[in-house]
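In: build me a model from this:
(one chain, ligands or ions: 2)
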Amino acid sequence: MPDDYIGLISGTSMDGIDSVLATIADDAFELRETHVHAYPAELRDALRSLIAKPDACGLDRLGALDRWVGECFRDAALALIEKSGISAADIVAIGSHGQTLRHQPDGLRPFSLQVGDPTTIAAGTAITTVADFRRADIVAGGQGAPLVPPFHEWLFRAPGKHRVVLNLGGIANVTVLPGDAAPITGFDTGPGNTLLDAWIGARRSLQYDENGQWAAAGSVADDLLDALVNDEYFKAPPPKSTGFEHFNLEWLSGFGVDKHDPCDVQATLSELTAISVAAAIERYAPATRETYVCGGGVHNHDLMQRLRRRLSKSAVESTQAVGLDPDWVEAAAFAWLAMRTIRKKTGNLPSVTGASHKVILGAIHYAS
Ligand SMILES: Nc1ncnc2c1ncn2[C@@H]1O[C@H](COP(=O)(O)OP(=O)(O)O)[C@@H](O)[C@H]1O
Ligand SMILES: [Mg+2]
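Out: Numbers count the residues shown, from 1 in each chain. Ligands and ions are numbered 1, 2, ... in the order given. Okay, here's the model as predicted:
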């Protein structure tokens, strides 16, 4: 029996809350409606500064931000429902990823902290809301990330075809879908758009490099690229995951970037994303012949060109080629993960996250 679910996520780029309403059947997924809900600039700035300087935040501020993000996610769901013309009563559940403030999957007491109070979403929409998807995997010894690979497996895996799904969000992550019985793997390869956004933001006060035009106008600084690719993260074997905590302007400033033409730095950062993704695929999925790209980076022509050049053994196309609009894959995954939770089915892939076993993800918040 097909059921309607909503998926909500705001990624590390904070460019908006991606919202989808989908009908999910046993073997089919249909996008019914989509919506992007922007954060108020004041909230986005507050979240960005909190992520950049976590120690500067008091508990009162944190608690209030959790509610405020929850209100925005609630409003995103309400706007989506209104646009769709579907009655809230017909929607089984909302899967809300929330906004990650801190992701520390290693260390003595690993955790991943998302805000966006799910009770506010459930009460405001009158729809059961599943949230806090990462906790159970982390408690089971996993990275709590990436969580989208089981959805990629369900939707995109095909016998005989060695595929990779590449999500170019703030961080880039791959899902390796072998065409044979080999286990699925998936991990964060490193920066996706985050350094590109941060650099053009710092130098030209722009949110992002439209179509990668600025990067395309520069030349790669080979010495800088060599230094950047030497970072330990790229060398570490999976399972692994990363975030803003590691790849940020401060990290970049450690490489003497100011010596270079800013436009050449942008080109070098674009090449860094491409080279780190390609190296990861070549090392951990050498049989790959089809790479399907989703996330905002798919719109960056310069980055896509660099990827095609580096991934010479694989076709590189958008996930549209396999049936799902690349802008909605992540939000769609959280609608699907909510379905798994509601049906008491496990949602993580231990071969991806490193967890000791499969677990049911998320906490269920009933509307009443
Ligand atoms: N037309 C475009 N040209 C270049 N980059 C783009 C374009 N559209 C989106 N992006 C990039 O995609 C990012 C958003 O990607 P997204 O998948 O939403 O990331 P996240 O999951 O981190 O929110 C933007 O910050 C920007 O860097
Ligand atoms: Mg986004």
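In: tell me where the stretch 1-150 of the chain has strands.
Out: In the stretch 1-150 of the chain, the strands defined using DSSP state E, counting those that start in this stretch lie at 3-10, 17-24, 29-37, 91-104, 111-115, 129-131.
In: can you tell me the closest non-neighbouring residue to residue 125?
Out: Spatial nearest neighbour of residue 125, excluding adjacent residues (Cβ to Cβ, 6 or more residues apart in numbering): residue 77 at 5.0 Å. Glycine gets a C-beta too; all of them are placed from N, C-alpha and C.
In: who does residue 175 form a beta bridge with?
Out: residue 165, residue 186 (DSSP bridges).
In: give me the number of residues near it?
Out: Residue 175: 26 surrounding residues under other Cβ atoms under 10 Å.
In: pretty sure it sits against residue 148.
Out: Yes - Residue 175 lies in contact with residue 148 (Cβ atoms under 8 Å); the separation is 6.8 Å.
In: find the residues that touch each one of these two.
Out: Taking Cβ atoms under 8 Å, 6 or more residues apart in numbering as the criterion, residue 175 and residue 148 both touch 167, 186.
In: now check the helix or strand containing residue 275, is it near ligand 1?
Out: Using DSSP states H and E, residue 275 falls within helix 262-284. No - Helix 262-284 is not in contact with ligand 1 by Cβ under 6 Å from any ligand atom; minimum separation 9.9 Å.
In: same question for stretch 294-302.
Out: Yes - contact of stretch 294-302 with ligand 1 (Cβ under 6 Å from any ligand atom) involves 295, 296, 297, 299, 300.
In: buried residues, that stretch. List them.
Out: By neighbour count on 16 or more other Cβ atoms under 10 Å, the buried set for stretch 294-302 is 294, 295, 296, 297, 298, 299, 300, 302.
In: quick check, the fourth one in contact with residue 171.
Out: When you say that, I think you mean residue 297. No - here residue 297 lies out of contact with residue 171, judged by Cβ under 8 Å, at a distance of 10.4 Å.
In: between those two, which contacts overlap?
Out: With Cβ under 8 Å, 6+ apart, residue 297 and residue 171 have common neighbours residue 192.
In: if you count neighbours, what's buried in stretch 314-334?
Out: Across stretch 314-334, burial judged by 16+ other Cβ under 10 Å covers 314, 316-319, 322, 324, 326-334.
In: so residue 342 sits right up against residue 128, yeah?
Out: Yes - using Cβ under 8 Å, residue 342 is in contact with residue 128, at 7.3 Å.
In: name the residues contacting each of the two.
Out: Contact with both residue 342 and residue 128 is made by residues 92, 93, 364, according to Cβ under 8 Å, 6+ apart.
In: return the residues of this structure in contact with ligand 1.
Out: Residues of the chain lying close to ligand 1 by Cβ under 6 Å from any ligand atom are 11-13, 15, 169-170, 193, 196-197, 208-212, 295-297, 299-300, 330.
In: now with 5 Å, please.
Out: Within the chain, the positions near ligand 1 by Cβ under 5 Å from any ligand atom are 11-13, 15, 169-170, 193, 197, 208, 210-211, 295-296, 299-300.
In: okay, now the domains of the protein?
Out: Taking automatic domain parsing as the reference, the chain has its domains at 3-143+328-365, 149-322.
In: what sits closest to residue 11 if chain neighbours are left out?
Out: In this structure, residue 11 finds its nearest non-sequential neighbour in residue 169, 4.5 Å apart by Cβ to Cβ, 6+ apart.
In: the one you found and residue 75, how far apart?
Out: Shown here: residue 169 relative to residue 75, a distance of 22 Å by Cβ to Cβ, to the nearest Å.
In: which one of those two has more residues nearby?
Out: Ranked by neighbour count (other Cβ under 10 Å), residue 169 and residue 75 place residue 169 first, with 22 against 16.
In: whichever strand or helix holds residue 152: which residues count as buried?
Out: In this assignment (DSSP H and E), residue 152 forms part of helix 149-156. By neighbour count, with 16+ other Cβ under 10 Å as the criterion, the buried positions of helix 149-156 are 149, 150, 151, 152, 153, 155, 156.
In: again, but for stretch 154-174
Out: Neighbour-count burial for stretch 154-174 [16+ other Cβ under 10 Å]: 155-157, 161-174.
In: same check on stretch 1-12?
Out: Using 16+ other Cβ under 10 Å as the test for burial, stretch 1-12 gives 3, 4, 5, 6, 7, 8, 9, 10, 11, 12.
In: same thing with stretch 307-314?
Out: 307, 308, 310, 311, 314.
In: dump those to TSV, plus pLDDT and secondary structure.
Out: Below are these laid out as TSV (pLDDT from 0 to 100; DSSP: H, G, I helix; E, B strand; the rest coil):
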residue	pLDDT	secondary structure
307	98	helix
308	98	helix
310	98	helix
311	97	coil
314	98	coil
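In: quick check: residues of the chain near ligand 2?
Out: 11, 13, 15 (Cβ under 5 Å from the ion).
In: got a list of what the last one touches?
Out: For residue 15, the residues meeting the contact criterion (Cβ under 8 Å, 6+ apart) are 36, 207, 208, 296.
In: that one and residue 250, how far apart?
Out: Between residue 15 and residue 250 the computed distance is 21 Å (Cβ to Cβ).
In: and residue 175, by the same measure?
Out: For residue 175, the distance to residue 250 - Cβ to Cβ - is 29 Å.
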